[in-house]
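Q: Fold the following, please.
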Amino acid sequence: MREGHASGSNGLVAEYSPIESFLLMANVSVNAATYRLATAARKEATVQGPLDSAEVDQGARHHRRTWINAISAAVGGLLFGYDTSVISGAILFVRAHFHWDSLTTEVAVSTVLAGALLGASAGGYLSDQFGRKPLQIANAVIFAVFAVVTGTANTSSLFLIGRLMVGFSVGVTSMITPLYIAEISPPTIRGALVQLNQLMISVGVAIAYGVAWLLSGSGNWRLMFISAVLPSAALLISLVFLPESPRWLASKGRLHAARSILGQIYGPLETEVAMAQLVPVIRAEKVRLRDLFLHRFRKPLVAGIGLAIFQQVTGVNAIIYYTPIIMQTAGFHSPSRAILATFIIGSMSALFAVGAMPLLDRVGRRPLLLIGIAGMFVCLNLLGYCFGMAHIHRLLVIVVFLSYLAFFQIGLGPVFWLLISEIYPTRVRGQAMSVATVTVWAADWLVALTFLTLLDHFGARQSFELYGLACIAAWSFSFFFIPETKGRTLEEIEAGWR
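A: Now for the predicted structure:
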């Protein structure tokens with residue numbers, strides 16, 4: 001075992017490799033040194049020619065293990081999608097049961113988003129203090145408990161309390177799942193792995209719609225909510241076998257444990273390169289959350305907050321939360337048929353998410369983002385045209401809905417969650433992601449709270465055209481402010497903002 005240790009003012013004491021010791025003792029530029037080291041290692045691997053079969057097998061094993069870990073963590077995304085979307089199918093029955101008007105219905109739908117806003121606010125601090133894995137375990141328990149509370153509620157107040165707490169867990173999950181996956185992923189497949197979260201969100205949405213359709217005949221809205229216990233249990237079991245984030249361990253001075261987990265992800269050579277990049281970043285002066293507002297962090301802060309706003313104000317969750325109501329407006333008057341159309345749309349959306357997975361690491365984040373937003377703009381204006389016709393063609397509405405979701409799933413859907421897991425400094429990545437995640441839930445809450453009002457006052461045509469105008473602003477913002485992060489390590493991305 002290589003020996004030698006160093007300790008700094010922040011109290012870190014750990015074993016270091018020769019590469020790390022050199023970087024820590026030499027008074028050189030961290031950015032330049034780590035970049036040269038990483039580049040040299042990659043060039044050396046290239047010059048040496050093709051890897052032998054043992055090295056290939058070893059790399060494949062590391063990637064398989066990382067994929068398994070990422071899939072297990074992404075079950076949190078499934079819960080995210082399920083619990084935010086189950087209200088879509090249940091709302092027709094819950095609304096009748098409690099005798100709600102449009103405003104009260106908007107409040108009920110948006111309550112889970114208010115909870116998510118609180119969860120996202122606290123999630124960054126909690127994950128930085130207690131670790132990514134323990135927070136996810138506690139969150140799975142909260143999901144299960146308050147799914148039962150919601151499903152057994154006999155008053156509007158208890159129903160709203162249950163949804164508020166479920167929303168809290170959704171907010172934590174929305175931040176911690178992509179963060180954790182990004183921190184355990186090698187840069188060559190990080191895009192696809194983080195996209196697993198978006199895929200599982202879409203799968204959760206589709207399952208929620210499917211359960212709602214199966215129970216729509218009986219109108220059993222209570223079981224629609226209680227059924228969330230099953231994915232909660234699946235998440236809890238999967239989390240038991242996951243490692244802690246190596247970057248969180250390193251931020252707490254546990255470098256030996258961090259190196260061990262990185263070794264499972266990268267293999268020997270890339271582990272040393274990763275540690276050589278990570279250690280100086282961790283040992284740098286700790287960045288406080290308020291420091292994100294300093295000039296050097298302004299660009300990533302603006303990029304994350306801007307994308308968060310535009311992901312929501314372009315209308316995706318107005319469609320997801322209120323699809324059955326929109327389908328009834330389009331001519332599917334039976335609740336069962338409206339929910340069936342919703343289930344078909346949700347299932348196709350999940351398939352689109354699968355198709356988008358390999359594109360993020362091949363085509364890149366930025367091109368997909370720009371193409372996706374442009375396609376959403378076209379589809380929203382087509383939806384406005386459809387609902388402005390004297391006779392609404394239901395099949396055409398479904399086709400345009402599907403096209404809109406396809407463009408969302410290759411652009412704003414996955415790229416937002418991927419980018420906010422990549423662009424922030426390591427020492428405050430959890431808290432910084434909370435800023436972006438709080439913003440996305442605030443914008444989501446605003447959209448959910450106002451959509452039915454827009455529909456009542458302006459009609460479907462002008463409502464969709466308004467979201468289309470937001471797409472123009474989103475495309476312009478992305479063109480000027482969003483960088484490409486494909487193929488770069490998290491530490492290289494951080495250095496690129498300086």
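
Q: Tell me where this structure is predicted with low confidence.
A: Flagging of the chain using pLDDT under 70 yields the residue ranges 1-62, 281-289, 291-292, 426-428, 430-431, 498.

Q: Could you look up the SS state of Gly219?
A: On the three-state scheme (DSSP: H, G, I helix; E, B strand; the rest coil), Gly219 is labelled coil.

Q: quick one: Leu135 and Gly123 touch, right?
A: Yes - checked against Cβ atoms under 8 Å, the pair Leu135 and Gly123 is within contact range at 7.2 Å. Just so you know, the C-beta spots here come from the backbone N, C-alpha and C atoms, and that holds for glycine as well.

Q: intersection of neighbour lists for these two?
A: With Cβ atoms under 8 Å, 6 or more residues apart in numbering applied, the overlap between the contact sets of Leu135 and Gly123 consists of 172, 176.

Q: Between these two, which is the more surrounded one?
A: Residue environment comparison for Leu135 versus Gly123 gives the larger neighbour count to Gly123, 28 against 23, counting by other Cβ atoms under 10 Å.

Q: Centroid-nearest residue for the protein?
A: To find the centre residue of the chain, average its C-alpha atoms and take the closest one (Cα atoms, centre = their mean): that gives Trp417, at 4.0 Å.

Q: right, and that one touches Gly191 too?
A: No - the pair formed by Trp417 and Gly191 falls short of the contact definition of Cβ under 8 Å, at 10.8 Å.

Q: need the helices for the stretch 51-200 of the chain, in chain order.
A: With DSSP state H, counting those that start in this stretch as the definition, the stretch 51-200 of the chain shows helices at residue ranges 53-73, 75-98, 102-130, 132-152, 156-183, 190-216.

Q: hang on, I meant the stretch 251-400 of the chain
A: Listed in chain order, the helices found in the stretch 251-400 of the chain under DSSP H, counting those that start in this stretch are 255-266, 268-283, 298-313, 316-321, 323-329, 335-362, 365-388, 394-410.

Q: Minimum distance to Ala495: which of the ones you listed has it?
A: Ranking the helices of the stretch 251-400 of the chain by their distance to Ala495 (criterion: Cβ to Cβ) puts helix 268-283 first, at 8.7 Å.

Q: Just send the helices of the stretch 51-200 of the chain back as JSON lines, with distance to Ser260 too.
A: Output for those, formatted as JSON lines (distance: least, Cβ to Cβ, whole Å):
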{"stretch": "helix 53-73", "distance to Ser260": "13"}
{"stretch": "helix 75-98", "distance to Ser260": "24"}
{"stretch": "helix 102-130", "distance to Ser260": "20"}
{"stretch": "helix 132-152", "distance to Ser260": "15"}
{"stretch": "helix 156-183", "distance to Ser260": "15"}
{"stretch": "helix 190-216", "distance to Ser260": "20"}
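
Q: Among those helices, which comes closest to Val240?
A: Shortest distance between Val240 and the helices of the stretch 51-200 of the chain, using Cβ to Cβ, is found for helix 132-152: 7.8 Å.

Q: mind exporting that closest one as CSV, just the C-alpha atoms?
A: Once side chains and other backbone atoms are set aside, the C-alpha atoms of helix 132-152 remain, and they are given as CSV (Å, rounded to 0.1, in the frame of the first residue of the first chain):
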residue,chain,number,x,y,z
ARG,A,132,-26.3,11.2,-0.3
LYS,A,133,-27.2,7.6,0.7
PRO,A,134,-28.6,8.1,4.2
LEU,A,135,-30.8,11.0,2.9
GLN,A,136,-32.2,8.8,0.1
ILE,A,137,-33.1,6.0,2.6
ALA,A,138,-34.9,8.4,4.9
ASN,A,139,-36.7,9.8,1.9
ALA,A,140,-38.0,6.4,0.8
VAL,A,141,-39.6,5.9,4.2
ILE,A,142,-41.3,9.3,4.1
PHE,A,143,-42.7,8.5,0.6
ALA,A,144,-44.3,5.4,1.8
VAL,A,145,-45.8,6.8,5.1
PHE,A,146,-47.5,9.8,3.5
ALA,A,147,-48.7,7.9,0.4
VAL,A,148,-50.9,6.0,2.9
VAL,A,149,-51.9,9.2,4.7
THR,A,150,-53.0,10.7,1.4
GLY,A,151,-54.9,7.6,0.3
THR,A,152,-56.8,7.3,3.6
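
Q: in that helix, what counts as buried?
A: For helix 132-152, burial by neighbour count (16 or more other Cβ atoms under 10 Å) applies to 132-133, 135-136, 138-140, 142-144, 146-151.

Q: swap in stretch 356-369?
A: Neighbour-count burial for stretch 356-369, with 16+ other Cβ under 10 Å as criterion, is recorded at 356-357, 359-361, 364-366, 368-369.

Q: Make TSV from those residues and add distance to Ala114 to it.
A: As requested, these are arranged in TSV below (distance: Cβ to Cβ, whole Å):
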residue	distance to Ala114
Ala356	30
Met357	31
Leu359	34
Leu360	31
Asp361	35
Gly364	35
Arg365	30
Arg366	32
Leu368	31
Leu369	28
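
Q: Could you find the closest non-adjacent residue to Ala257?
A: The spatial neighbour of Ala257 that comes closest, neighbours along the chain excluded (Cβ to Cβ, 6 or more residues apart in numbering), is Leu249 at 4.8 Å.

Q: With Ile137 instead?
A: In space, not counting the residues next to it along the chain, Ile137 is nearest to Leu239; the distance is 5.1 Å by Cβ to Cβ, 6+ apart.

Q: Tell me how many other residues crowd that neighbour.
A: Under the neighbour criterion other Cβ under 10 Å, Leu239 is assigned a count of 22.

Q: One more: Phe293?
A: Burial measure for Phe293: 10 neighbouring residues, criterion other Cβ under 10 Å.

Q: neighbours around the nearest residue to it once chain neighbours are set aside, how many?
A: In space, Phe293 comes closest to Leu301 once its chain neighbours are excluded; the distance is 6.9 Å by Cβ to Cβ, 6+ apart. Taking other Cβ under 10 Å as the neighbour definition, Leu301 ends up with a count of 18.

Q: ok, now how distant is Leu301 from Ser476?
A: Leu301 sits at a distance of 19 Å from Ser476 (criterion: Cβ to Cβ, to the nearest Å).

Q: from the helices of the stretch 251-400 of the chain, which stretch is densest packed?
A: Neighbour counts averaged per stretch over these are highest for helix 316-321, at a mean of 24; criterion: mean count of other Cβ atoms under 10 Å.

Q: from the middle of its chain, how far away would stretch 107-117 be?
A: Averaging C-alpha coordinates over stretch 107-117 and over its chain gives two centres that are 18 Å apart (Cα atoms, centre = their mean, to the nearest Å).
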